[in-house]
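**Student:** this is the structure alone, sequence omitted:
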């Protein structure tokens, strides 16, 4: 199970790569909500301390040491409101954390629960919108890759571009990919406009492709989901979908 420290590291990684706090929390909220209450409180405290240190503009601290707002979230203004079920404070509808106690608002099992498809249904974690961005966080580093496979006319290839006539679209060579067992042409990424999904397949790599610990057979097609752990050889990525309207 993912730990508060792992989620905090991912939060810092996303915030350090130009994502605002609201977008970052929305991308991560599904996994944050799965944490036990005590672990969630630990993560909230870490996030508040980090935000205060790195983005202190416009923030104030109450006598009990609580941060009243996080950059990217707002203290209630005129318009829609939502009441925090933990402390009873009123927040703006778009807030992710309660500005007073840090409790997550609009708790749901899916980060896409507030979205709606044309048929009126809410999408699941496999939904990848026409303007979405696939974010791949390299575990243990500050590196991330942001790609939009739906904008390409061909499948995208992940691998290490060290010589050869065929070069990958996502070149992992500068992340020590060779030492981590990544093949030159390791993984193919495809977008389905019909189903609004991103699928992957292993390109007969030497050391395999794994999704959430399960190895893919060569050429097996697997739909990628928001929050999946993707491993190429021994190189691990956290997969996040950044929906344009989230």
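**Tutor:** Nice, I can see it. This structure is a prediction, so every number in the text was calculated from the model and none was measured. Numbering: from 1, shown residues only.
**Student:** give me the buried positions along the longest strand belonging to the chain.
**Tutor:** Longest strand in the chain, counting residues (DSSP state E): strand 235-242. Within strand 235-242, the residues scored as buried using 16 or more other CB atoms under 10 Å are 235, 237, 238, 239, 240, 241, 242. Quick note: C-beta positions are derived from backbone N, CA and C, even for glycine.
**Student:** give the pairing partners of the host helix or strand of residue 158; include direction for each.
**Tutor:** Assessed by DSSP states H and E, residue 158 sits inside strand 156-159. Partners of strand 156-159 in the sheet, by DSSP bridges, are strand 170-171 (parallel), strand 187-192 (antiparallel).
**Student:** tell me the most buried of those strands?
**Tutor:** strand 187-192 (a mean of 19; mean count of other CB atoms under 10 Å).
**Student:** what's the average pLDDT for that strand?
**Tutor:** Mean pLDDT, strand 187-192: 97.
**Student:** for the helix ranked longest in the chain, which helices and strands make contact with it?
**Tutor:** When the chain is parsed with DSSP state H, its longest helix is helix 37-54. Secondary-structure packing of helix 37-54 (3 or more CB pairs under 8 Å, 6 or more residues apart in numbering; DSSP states H and E): helix 4-15, helix 21-32.
**Student:** what sits up against the first one?
**Tutor:** If you take CB atoms under 8 Å, 6 or more residues apart in numbering as the criterion, helix 4-15 is touched by 21, 23-25, 27-28, 31-32, 35, 39-40, 42-43, 46-47, 50, 54, 135, 137, 142, 144, 238, 240.
**Student:** quick one: buried ones out of these?
**Tutor:** Buried members of the contacts of helix 4-15, scored by 16+ other CB under 10 Å, are 21, 23-25, 27-28, 31-32, 35, 39-40, 42-43, 46-47, 135, 137, 144, 238, 240.
**Student:** circling back to that earlier point, can I get the strands paired with strand 156-159 in JSON lines with distance to residue 86?
**Tutor:** JSON lines is the format used below for the strands paired with strand 156-159 (distance: least, CB to CB, whole Å):
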{"stretch": "strand 170-171", "distance to residue 86": "41"}
{"stretch": "strand 187-192", "distance to residue 86": "39"}
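**Student:** distance from stretch 207-219 to the middle of the chain?
**Tutor:** Averaging C-alpha positions (CA atoms, centre = their mean, to the nearest Å) puts stretch 207-219 21 Å from its chain's average.
**Student:** got the buried residues for that stretch?
**Tutor:** Residues 207, 208, 209, 210, 211, 216 are the ones in stretch 207-219 that count as buried (16+ other CB under 10 Å).
**Student:** let me know the closest of the residues you listed to residue 160.
**Tutor:** residue 207 (11.9 Å; CB to CB).
**Student:** doesn't residue 182 make contact with the closest one?
**Tutor:** Yes: using CB atoms under 8 Å, residue 207 is in contact with residue 182, at 7.5 Å.
**Student:** identify the contacts common to the two.
**Tutor:** By CB under 8 Å, 6+ apart, the residues touching both residue 207 and residue 182 are 232, 233.
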